[in-house]
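J.: Here is a sequence together with a model predicted from it:
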Amino acid sequence: MSHLDSLCADMARTILGAFVAPFHKEAAIIGRLLAGYTTLEVGLMNCVQVVRDDFDTVLKAMFRARGETARIDIADAFGRHYYAQHTLGTEFEMAVGAVRYCLRIRNQFAHCVWYDDKSGKLALANLEEIAKGNAHVGNLNDLTIFHVDEPLLTDQEAYFVYADKLLAWVNHEGRQQTGTIRTNPLTKPKQPTQPPLHLP
């Protein structure tokens with residue numbers, strides 16, 4: 001094999017074979033969910049800073065904190081009473097709850113190994129599950145295997161989009177209530193059923 005052939009073979013290799021075939025469609029959605037989660041955190045930050053009128057403090061408080069849950073908790077604490085004062089407390093809580101559920105989906109995917117177990121569905125397992133115990137671990141046979149497929153992942157992505165739209169609507173509605181904009185140009189999104197984290 002020539003040097004060029006060897007280089008081309010290395011370029012074709014991927015760190016995660018199951019994401020190339022046969023699960024490339026699933027992989028594309030998972031990639032968007034993992035990479036896109038931060039969009040929801042930025043949306044939540046903007047939702048809070050517009051009613052507090054303090055971009056600097058909200059940004060620094062949220063993004064100096066380590067961990068996604070801490071950032072959500074900070075935003076919740078900063079925004080909850082402001083939105084409640086403007087009769088939007090329930091809607092703000094719904095938006096925060098939607099982001100929290102998206103985080104559960106994201107964390108499940110971020111902290112697992114992926115593979116093709118020949119079931120016809122994309123398999124995933126969380127290594128933290130067996131690492132947290134005190135028992136000696138000799139192999140990965142005791143991992144709990146879960147599966148996802150394209151329809152489920154499509155529903156999960158739709159839920160991320162719902163969370164993003166709800167944050168934007170609450171943001172605009174809050175600004176309308178506080179008088180910084182005249183009207184809310186957005187329509188409140190219909191709340192969907194939360195999709196399961198994985199297939200039964």
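T.: Looks like it arrived, so ask away.
J.: So what does F19 have for phi and psi?
T.: phi -80, psi -10 (degrees, to the nearest 10).
J.: Give the burial count for it, as a bare number.
T.: Neighbours of F19 under the rule other C-beta atoms under 10 Å: 19. Where you see a C-beta, it was placed from the backbone N, CA and C, and this is true even at glycine.
J.: by contact count, what packs against the helix or strand containing V170?
T.: Under the criterion of DSSP states H and E, V170 resides in helix 150-178. Applying 3 or more C-beta pairs under 8 Å, 6 or more residues apart in numbering; DSSP states H and E, we find helix 150-178 packed against helix 24-52, helix 68-85, helix 89-110.
J.: and for the shortest one, what are the contacting residues?
T.: Taking C-beta atoms under 8 Å, 6 or more residues apart in numbering as the criterion, the residues outside helix 68-85 that touch it are 37, 41, 44-45, 47-48, 51-52, 58, 61-63, 65, 89, 91-93, 96, 99-100, 103, 106-107, 170, 174.
J.: cool, and the last one?
T.: Judged by C-beta under 8 Å, 6+ apart, the contacts made with helix 89-110 from elsewhere in the structure are 30, 33-34, 37, 40-41, 44, 47, 68-69, 72, 75-76, 79-80, 83-84, 124, 126, 156, 159-160, 162-163, 166-167, 169-170, 173-174, 188, 191, 194-195, 197-198.
J.: buried stuff in stretch 27-39?
T.: Using 16 or more other C-beta atoms under 10 Å as the test for burial, stretch 27-39 gives A27, I29, I30, L33, Y37.
J.: repeat for stretch 147-166
T.: Quick answer for stretch 147-166 (16+ other C-beta under 10 Å): V148, L152, L153, Q156, E157, Y159, F160, Y162, A163, D164, K165, L166.
J.: nearest spatial neighbour of the fourth one, skipping sequence neighbours?
T.: Across the structure, with C-beta to C-beta, 6 or more residues apart in numbering as the measure, the residue nearest Q156 apart from its sequence neighbours is P195 (5.0 Å).
J.: ok, C112 touching A125?
T.: Yes. Counting by C-beta atoms under 8 Å, C112 does reach A125; the two are 5.9 Å apart.
J.: That'll do, ta.
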